[in-house]
Every structure is written in C-alpha cells, then in structure tokens.
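**Q** Starting from these lines, generate the structure:
(one chain, ligands or ions: 1)
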Amino acid sequence: MVGSALVRQLQARGYRHLLLRTRAELDLLDQSAVFGFLARERPAMIFIAAARVGGIQANNTLRADFLYENLQISANLIQGAHQAGTQRLMYFASNCIYPRACPQPMAEEHLLTGPLEPTNEPYAIAKIAGLKLCESLQRQHGRDYISVIPASLYGPNDNYDPANSHVLPALLRRAHEARERGDPELVVWGSGTPRREFLYVDDLAQACVMLAEQGYRGPPINIGSGSDLSIRELAEAVVSTVGYRGRLVFDASKPDGIPRKLLDSSRMLATGWQPTTGLTQGLRMACDSAPWQRALRAA
Ligand SMILES: NC(=O)c1ccc[n+]([C@@H]2O[C@H](COP(=O)([O-])OP(=O)(O)OC[C@H]3O[C@@H](n4cnc5c(N)ncnc54)[C@H](OP(=O)(O)O)[C@@H]3O)[C@@H](O)[C@H]2O)c1
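**A** Next up, the predicted model:
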C-alpha cells in the first residue's frame, strides 16, 4: 500500500527513474541478493516501504516471523544502502513502536520510555531496530537516513485478507460481505472503545516526498492526521460508507490492543504539510478501490 502510494506521488511529481522490484525479482530476506542489487544499481535515494505487515492477530501469533523478517529486511536494505554508497534513505517505522502506556498524543521523545504493547512487541522491536540503524549510520557515517513514523494508514492496495488485515480494511471488507449476504448484524472485534488515528495513504506519500525534496535530515518524525476516533465511531463510518444497514455488535472477548494511539504530529505540521483527505472521503475512495469493487467493475 505505502510503496504504491509513493510511486503514484513520485510519478506525479515527475520522477522517472524509479527502481522497482517485486518480491519474485528481489527477495529482501536474501542479504547477498539485496547487497548485490544495491551495489549494481547505486540508487540516489531509497524508500523502505517493504515489511512483513499484519493486523493484531497476525502480529500476536506469527511473532517469530514478524521479528525475523522485519529485522532482516531492514538490516539488508539499510546496511546494503550504506555499503553501496547511497547517501539518502527513508525508513518507515510505525506508530506501534511507542510504549503501551505512552502519554497521548505520542511525541517523538516518548520513544523507548516504557514497555511496548505485548501483542505487537516483536514487530515493534524490529521496527525500532531499523530506526536505530538509520540513526546510527547517520551519526557514525554522516548518512542522510531518516525515519518516519506514520499513523495507521488506509487506501488503495490495502490488505483485505480476512485473517491478517488491520482494523479499518477488515471492517470495510466485513461490512461489504455482511451487506451482500443481508446479515442482520455485524460483529466487531473488541469493546469498540479504543481510539485510533487514521491517515489516507496518499497524504502520507505526499508528506514523505515533500520531506525528501526539502532534504529533511532530522530525527524520526511522526506523520498523522492529528485526530482520532473510537473503533465504534469508525465502524459506524464504515457501515455508512458501505451502505450496510444491520446492527453493530461489539465482541469484548476479543483483544482491544493499546487503548489509544494518537501521534503528536506537530513537528510534521510545522513543515507546512497537512493532510487533505478527511475520513469520509478517504473511506469512500478506499471502498471504490477495494478488490471487490474492481472485480465488480471488471465483470
Ligand atoms: N499499513 C499501515 O497502517 C501502516 C502504519 C504505519 C506504518 N506502516 C509501515 O509502512 C510500511 C509499509 O506498510 P504497508 O501497509 O504498505 O504494507 P504492505 O501493503 O503489506 O506492503 C509491504 C510490501 O513489502 C513487500 N515485502 C514483504 N516482504 C518482502 C520480501 N521478503 N521481499 C520483497 N518484498 C517484500 C510485500 O510484498 P508482497 O506483496 O509480495 O507480500 C509488500 O509489497 C511498513 O514498514 C509499515 O510498518 C504501515
């Protein structure tokens, strides 16, 4: 999702020499393949949007996979970039790297000030390691390797896998399926009370390309919309977008995760960037680009 939004943004800004590889062409877990690719191509700048990503259940159960693969992808690309002489790199961390009991909104200074949320600790540890590798190469070797910390994202090319997706795409899909089947109720995981912040992925891509063009060389920086809503409010917005008219039921036996996750994006907002896609418009666009809508249009 993030990679394709970056490509859209870069192409819209006129960048033509984009080096893009699928997993089949370059497995980022393969260190010698990654080092060889970077040494041959010597990119001027690298955006690391690749990662093993998933929702709360996948993070909590595939713990070893999430830790190992994200450590490996980050280490291969960041160290490989340094060895290949690439001076500029942007690394995508995640809002889950902040402590579970972090003061809200979560400012960049709160990183590593307390224990992490247990359900996604392995993923967060790997992301923190990547961020620290960037920071350390910046300090030790003067590389311009920066990290961005986005809020929860949604938009085109989101992951709608029933067992492995984040809350917003999971809700969109399930509301669509409930409407198609005419289900009288839609069960939502958790109590509905946790609060979350969402950013439309093209707004993130615009922020990142702007930072790159401005030559930002500072510490890790939060990128969020600046406001949050409860999962209950999100579910209501989703069913209204999808046109599902059944009842919402909240299953409090399922895990809620961290109670609140709002980024303090004041440093990013001070650069002049601000998101332009509100939740209602963003949900509509996400819905229109979802795989089932594309399939309907193709039929
Ligand atoms: N989604 C969010 O809400 C969110 C929020 C904050 C931060 N972020 C960060 O943004 C970044 C991108 O997230 P996303 O949502 O765009 O994830 P995504 O849609 O799952 O994209 C991840 C990409 O990484 C590729 N990849 C994974 N393992 C690979 C490997 N071994 N070799 C080559 N490619 C590999 C995947 O390829 P395949 O398609 O072949 O699997 C996929 O294209 C992540 O670092 C994530 O932490 C995301």
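**Q** For this structure, which residues are neighbours of the ligand?
**A** 1-3, 23, 27-29, 49-53, 73, 92, 94-95, 150, 152-153, 159, 166 (C-beta under 6 Å from any ligand atom). The way it works is simple: take the backbone N, C-alpha and C, and place the C-beta from them, glycine included.
**Q** so where do the helices sit in the stretch 1-150 of the chain?
**A** For the stretch 1-150 of the chain, applying DSSP state H, counting those that start in this stretch gives helices covering 2-12, 31-41, 56-61, 63-84, 121-141.
**Q** between those, which gets the lowest average pLDDT?
**A** Sorting the helices of the stretch 1-150 of the chain by mean pLDDT places helix 56-61 lowest, at a mean of 88.
**Q** Which strands and helices lie in contact with it?
**A** Packing partners of helix 56-61 (3 or more C-beta pairs under 8 Å, 6 or more residues apart in numbering; DSSP states H and E): none among the helices and strands.
**Q** Touching it from outside, list them.
**A** Outside helix 56-61, the residues that touch it by C-beta atoms under 8 Å, 6 or more residues apart in numbering are 66, 119-120, 122-123, 163-164, 167, 255, 257.
**Q** can we see that at 10 Å?
**A** Residues outside helix 56-61 that contact it (C-beta atoms under 10 Å, 6 or more residues apart in numbering) are 52-54, 65-66, 96, 117-124, 159, 161, 163-167, 170, 189-190, 254-258.
**Q** In the stretch 151-299 of the chain, what residue lies closest to the ligand?
**A** residue 153 (3.7 Å; C-beta to the nearest ligand atom).
**Q** give me the number of residues near the closest residue to that residue other than its chain neighbours?
**A** Leaving aside its chain neighbours, residue 153 sits nearest to residue 201 (4.7 Å; criterion: C-beta to C-beta, 6 or more residues apart in numbering). Other residues within reach of residue 201, judged by other C-beta atoms under 10 Å, total 27.
**Q** now swap in residue 278 and tell me
**A** Neighbour count of residue 278, defined by other C-beta under 10 Å: 12.
**Q** ok, now which ones touch it?
**A** Counted by C-beta under 10 Å, 6+ apart, residue 278 has contacts 200, 225, 227, 284.
**Q** Just the pLDDT for it.
**A** Among the per-residue scores, residue 278 shows a pLDDT of 97.
**Q** Quick check: it vs residue 259, distance?
**A** Residue 278 sits 24 Å away from residue 259, going by C-beta to C-beta, to the nearest Å.
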